[in-house]
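Novice: quick one: sequence plus predicted model below, questions after.
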Amino acid sequence: MTTYNAEYQRSIDQPEGFWSDQAKRIPWFTSPRTILEYDEQGHARWYVDGEMNLCHAALDHHVAQGRGDQPAVYWDSPVTGAKRTLTYREMRDEVALFAGALKDLGVEKGDRVVIYMPMVPEALVAMYACARLGAVHSVVFGGFAPHELAVRIDDARPKVVVAASCGIEIERVIPYQPNIQAAIEQSEHKPDACVYLQREQQRAALGPCDHDWAELLKRATPADCVPVKGSDPLYVLYTSGTTGKPKGVVRDTAGYAVALHYSMETIYDVAPGDVFFSASDVGWVVGHSYIVYAPLLRGCTTVVYEGKPVRTPDAGAFWRVISQYRVKSFFTAPTAFRAIKKEDPDGTLLQQYDISCLKALYLAGERLDPPTFHWLDDLLEVPVIDHWWQTETGWPIAANLQGLEPLPTKAGSATVPVPGFNVQILNREGEQAGAMEQGSVVIKQPMPPGCLVGIWGDPQRFHSAYMAAYPGYYLTGDGGYFDEDGYLFIMGRTDDVINVAGHRLSTGEMEEVVGAHKAVAECAVIGIHDALKGQIPVGLVIPKDGFDGDEVALESELIALVRDRIGPVACFKQVLVVNRLPKTRSGKILRKLLRNIADGKEYGVPSTIDDPASLQDVHEAMKARDVGAAHEARQV
Ligand SMILES: CCC(=O)SCCNC(=O)CCNC(=O)[C@H](O)C(C)(C)COP(=O)(O)OP(=O)(O)OC[C@H]1O[C@@H](n2cnc3c(N)ncnc32)[C@H](O)[C@@H]1OP(=O)(O)O
């Protein structure tokens, strides 16, 4: 039996040999002869000359191997009361037919397709149909506003948009068609066609370029899998950066398939036939990797859950799903359990269900705070595993590898680097930090297969955002440290990206929206601690001369503006009007200081501050509005 240390060391010392062995675990049309090469900028490229199709590897291959009658998807939708099971054969056939429908609309290898759908099986069908044709999908989360959709349409320039007529947020029906119409009106690029899956809760009234999903299928003939090169793009997934423009993370095909397959076995310890439940959304990377692609690549059954952790109908919802579908591995974000703990602090609802099938709980998307870890650890009889990764990496960077060598857990730590990821901590001078010394978390090149291969249409940004800070290393944007046992502790972002309920958002983008209001002279948006959502944004604005003084009206307008431009998912719900903001003498707003005050920490007056009295002003304003824990903050 290989140990973690031996496997990890081999992956770092002999990356080509290591990933060549792993590549043999998935089906190819043509096996790669070149395992690893570097592009002209020195970035790793995996399996460039291999030929495969991810839809074939995840569906057709399993049907051919005798898994046709095994469930591939369990759909459970407490918001509509519907449930559905699709076998591998049924999935393959639906995907092939929908791929045929997309082909009829002119979609070919390399074309982009934007997908804007809730948690319905057809979202998976649409994604796999794109993969089948070699088309590049770009899924946009339903909680984003039309403006965000428009930005993505302009960047990805899709031939077709595939959507559902509506999504359902507990009891609220959210019509999607008005969002799509508004987005296409705002975007410069106009897709040729939109396809709507009509849901009975709210049907879409189809325009001249719109198509009914069911009608298209009636006319379509099944399409075959198109062989693609290992390095051909599978998808573009947008994620927040420090500026208003999101970054289109480009994922290749074969590296991703090999890495996901490896992770299912080594990290999540699941075998073909096991049931895997990831409670997230297809709009996030967790959805792409661990709802859609990895479970089926491994021959498992994936649970597609259209509901919330609470209120659909109660805080026992996850336990019900685990019990009903005999889930072996469950994955969600800590914020979901904070919501459950709030409603059912003693875990009483768990007693109603037999969850003896569950072998481990995995958490990611934000830091697993020790109180939530201990609550879960006391409640459950299975390992509670925090693991850390990013949209960019596509799969876990650090974890406690249950399929390789389970290690003792430490609260607050994501345990150890996953084989393939040469994680290091660099200090301000760019030197390796010692144990317990906090610094920038970086990954030494080559990044393993599955990680981003570029930013869509912007190679320069790929380099400047990730590769330029420390040549030869990928900059994660997180700060952290290793302890003496080699356990990795991630302490949070080192930039202006915040994490709200497991959703990565840019305060810079919110500042752009707030700053564009006609009454705002200057503003700062900071992420402050929140017991439920991890972090929430708070705006601080200085009004322009001539402002009428109605602070309540201004706050409402700014909240509505952010909701309208970015979406409800931003959770932007508090704005303070202030006379001045603390700045350095060179004019830089002291955001970290503002965060410390809001989080109730002790703070000093930096020597570089331009106007020390501004600090007292802001602190008083925060206390008056009961912002975070500002009443506990103390100047030292
Ligand atoms: C490891 C790599 C990664 O980090 S990948 C990202 C991992 N993150 C996740 O999986 C996200 C985890 N979070 C969640 O699933 C949700 O936040 C949970 C915990 C379920 C709570 O949901 P909820 O109560 O709706 O709160 P929220 O903060 O998510 O929503 C705020 C407002 O946005 C809305 N919203 C949400 N989703 C949608 C949607 N798909 N379509 C339309 N609207 C949506 C919510 O209704 C809420 O609106 P409102 O402000 O109450 O009016």
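Specialist: Great, that's in hand.
Novice: check which helix or strand D564 maps to.
Specialist: Using DSSP states H and E, D564 falls within helix 551-565.
Novice: buried residues, that helix. List them.
Specialist: Within helix 551-565, the residues that count as buried by 16 or more other C-beta atoms under 10 Å are L554, E555, E557, L558, I559, L561, V562, R563, R565. Where C-beta positions appear, they are placed from N, C-alpha and C, glycine not excepted.
Novice: my read is that the third one contacts H517, right?
Specialist: Spelled out, it's E557. Yes: using C-beta atoms under 8 Å as the test, E557 is close enough to H517 to be in contact (6.6 Å).
Novice: which one of the residues in the stretch 151-300 of the chain is closest to the ligand?
Specialist: Closest approach of the stretch 151-300 of the chain to the ligand (C-beta to the nearest ligand atom) occurs at S280, with a separation of 3.3 Å.
Novice: and for the residue lying closest to that residue once chain neighbours are set aside, the neighbour number?
Specialist: Counting by C-beta to C-beta, 6 or more residues apart in numbering, V286 is the residue found nearest to S280 once chain neighbours are left out, at 4.0 Å. For V286, the number of neighbouring residues by other C-beta atoms under 10 Å comes to 23.
Novice: cool, and G244?
Specialist: Neighbour count for G244, taken as other C-beta under 10 Å: 16.
Novice: if I pick it, what's in contact with it?
Specialist: G244 makes contacts with S506, G508, E509, E512, V513, as judged by C-beta atoms under 8 Å, 6 or more residues apart in numbering.
Novice: can we see that at 6 Å?
Specialist: Counting by C-beta atoms under 6 Å, 6 or more residues apart in numbering, G244 touches E509, E512.
Novice: cool, L97 as well?
Specialist: Residues near L97 by C-beta under 6 Å, 6+ apart: L217, A220, P222.
Novice: at 8 Å instead, please
Specialist: Counted by C-beta under 8 Å, 6+ apart, L97 has contacts L217, A220, T221, P222.
Novice: gap between it and M52?
Specialist: Distance, L97 to M52, by C-beta to C-beta, to the nearest Å: 22 Å.
Novice: returning to that earlier point: distance to the ligand for the buried residues of helix 551-565 - can I get that in JSON lines?
Specialist: Below are these laid out as JSON lines (distance: C-beta to the nearest ligand atom, whole Å):
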{"residue": "L554", "distance to the ligand": "20"}
{"residue": "E555", "distance to the ligand": "16"}
{"residue": "E557", "distance to the ligand": "17"}
{"residue": "L558", "distance to the ligand": "15"}
{"residue": "I559", "distance to the ligand": "10"}
{"residue": "L561", "distance to the ligand": "15"}
{"residue": "V562", "distance to the ligand": "11"}
{"residue": "R563", "distance to the ligand": "8"}
{"residue": "R565", "distance to the ligand": "14"}
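Novice: between those, which sits nearest E185?
Specialist: Relative to E185, the closest of the buried residues of helix 551-565 is R565; by C-beta to C-beta it sits at 14.6 Å.
Novice: touching, that closest one and F144? I think so.
Specialist: No: using C-beta under 8 Å, R565 makes no contact with F144, being 9.9 Å away.
Novice: partner residues bridging the closest residue to S240 other than its chain neighbours?
Specialist: Counting by C-beta to C-beta, 6+ apart, S506 is the residue found nearest to S240 once chain neighbours are left out, at 3.9 Å. Beta-bridge partners of S506, counted by DSSP bridges, are V497.
Novice: give me the pLDDT value at the residue of the stretch 151-300 of the chain closest to the ligand.
Specialist: Note for S280: predicted pLDDT of 97.
Novice: for it, what is the enclosing helix or strand?
Specialist: Using DSSP H and E, S280 is not contained in any helix or strand.
Novice: how near is it to G307?
Specialist: S280 is 12 Å from G307, where distance means C-beta to C-beta.
Novice: can you check A465 too?
Specialist: According to C-beta to C-beta, A465 and G307 sit 35 Å apart.
Novice: same check on G502?
Specialist: 16 Å.
Novice: got it, and I559?
Specialist: 27 Å.
Novice: H137 now?
Specialist: Distance from H137 to G307, counting by C-beta to C-beta: 24 Å.
Novice: the two: which is more packed in?
Specialist: H137 (26 against 21).
Novice: contacts only, for the closest residue to P222 other than its chain neighbours.
Specialist: The shortest distance from P222 to any residue other than its chain neighbours is 3.6 Å, reached at A96 (C-beta to C-beta, 6+ apart). Contact analysis of A96 by C-beta under 8 Å, 6+ apart lists A129, R132, P222, A223, D224.
Novice: I'd say the first one and K103 touch.
Specialist: No: contact criterion C-beta under 8 Å: A129 and K103 do not qualify, at 9.1 Å.
Novice: now for those two: what residues contact both?
Specialist: Counting by C-beta under 8 Å, 6+ apart, the residues touching both A129 and K103 are A223.
Novice: neighbour count winner among those two?
Specialist: When A129 and K103 are compared for neighbours, A129 comes out ahead with 28 against 20, by other C-beta under 10 Å.
Novice: relative to the ligand, how far out is that one?
Specialist: Separation of A129 from the ligand (C-beta to the nearest ligand atom, to the nearest Å): 21 Å.
Novice: again, but for D39
Specialist: As judged by C-beta to the nearest ligand atom, D39 and the ligand stand 25 Å apart.
Novice: residues touching that residue, list them.
Specialist: D39 neighbours (C-beta under 8 Å, 6+ apart): R45.
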